[in-house]
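Q: Just the structure for this:
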Amino acid sequence: MNLTANQLAEENVRFAEREASRWKSEYEQEKEKLAKQPELRQNPHWYKQLTLAYRRMLWHRNVVNRFERQKQYPTLPAEVHALRLGDIALVSVPYEYYLDYGIQIRVRSPATQTFLIQLAGCGTYIPSPRSLLGGGYGSTPASNPIGAEGGQELVEHLVRAIRSLWV
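A: Okay, the predicted model is just below:
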């Protein structure tokens, strides 16, 4: 299925560009420090700050890339599965779903028990509207290529898939 991508705004991109630049600067400083002082590599955790800076730089650059990509591709593909075992429903999603979505699925499921298997793929967070209001790392544009709109689309698709198993 295809889910609506998290629609990034220009302000998200400006912030991400500033952060990517800041982390790139830190990454370059760490690389230079290690080049000048190779003995620092004897420390068992010598790579931590270097790796953190590099990953954060890429994390924020990805927001910029997604902003450009969303102009041509407003949706992203997602592989999901629904399975019935007796009175139990199992659904898998490649994302980490906020609790709000899981509750919606369970309440509307005809199954005695409904299990939501998360991160069954290479997904990230899908924030709920409530989580976006509260903030937090799972609600930032860098953390979620799929936004709340796509999250609700996924709920509706999964509920239909589960119900089709009880027909």
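Q: When you work out contacts or count neighbours from here on, use the C-alpha atoms and nothing else.
A: Noted.
Q: where's residue 105, which helix or strand?
A: Assessed by DSSP states H and E, residue 105 sits inside helix 99-108.
Q: In stretch 98-117, which residues are buried?
A: Neighbour counts over stretch 98-117 (16 or more other C-alpha atoms under 10 Å) mark 98, 101, 105-106, 108-111, 114-117 as buried.
Q: thinking again about what came up before, pull the distance from the helix holding residue 105 to the chain's centre.
A: Computed by C-alpha atoms, centre = their mean, to the nearest Å, the chain-centroid distance of helix 99-108 equals 19 Å.
Q: Mind giving me the packing neighbours of it?
A: strand 113-117, helix 148-164 (3 or more C-alpha pairs under 8 Å, 6 or more residues apart in numbering; DSSP states H and E).
Q: Of all those, which one is nearest residue 39?
A: Across the helices and strands packed on helix 99-108, residue 39 has its closest neighbour in strand 113-117 (45.3 Å, C-alpha to C-alpha).
Q: Parallel or antiparallel, which strands does the closest one pair with?
A: Here strand 113-117 has these sheet partners by DSSP bridges: strand 88-92 (parallel).
Q: what's the angle from the partner strand to helix 148-164?
A: Between strand 88-92 and helix 148-164, the angle comes out at 150 degrees (axes from the mean of the first three to the mean of the last three C-alpha atoms, to 10 degrees).
Q: Kindly export the helix holding residue 105 (C-alpha atoms) in PDB.
A: Coordinates of each C-alpha in helix 99-108 appear next as PDB, following Å, rounded to 0.1, in the frame of the first residue of the first chain:
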ATOM      1  CA  LEU A  99      -0.400   4.000  21.100                       C
ATOM      2  CA  ASP A 100      -3.300   6.000  19.800                       C
ATOM      3  CA  TYR A 101      -3.300   4.100  16.500                       C
ATOM      4  CA  GLY A 102      -3.000   0.700  18.100                       C
ATOM      5  CA  ILE A 103      -6.000   1.400  20.300                       C
ATOM      6  CA  GLN A 104      -8.000   2.400  17.200                       C
ATOM      7  CA  ILE A 105      -7.200  -0.800  15.500                       C
ATOM      8  CA  ARG A 106      -7.900  -3.000  18.500                       C
ATOM      9  CA  VAL A 107     -11.200  -1.400  19.300                       C
ATOM     10  CA  ARG A 108     -12.500  -1.800  15.800                       C
END
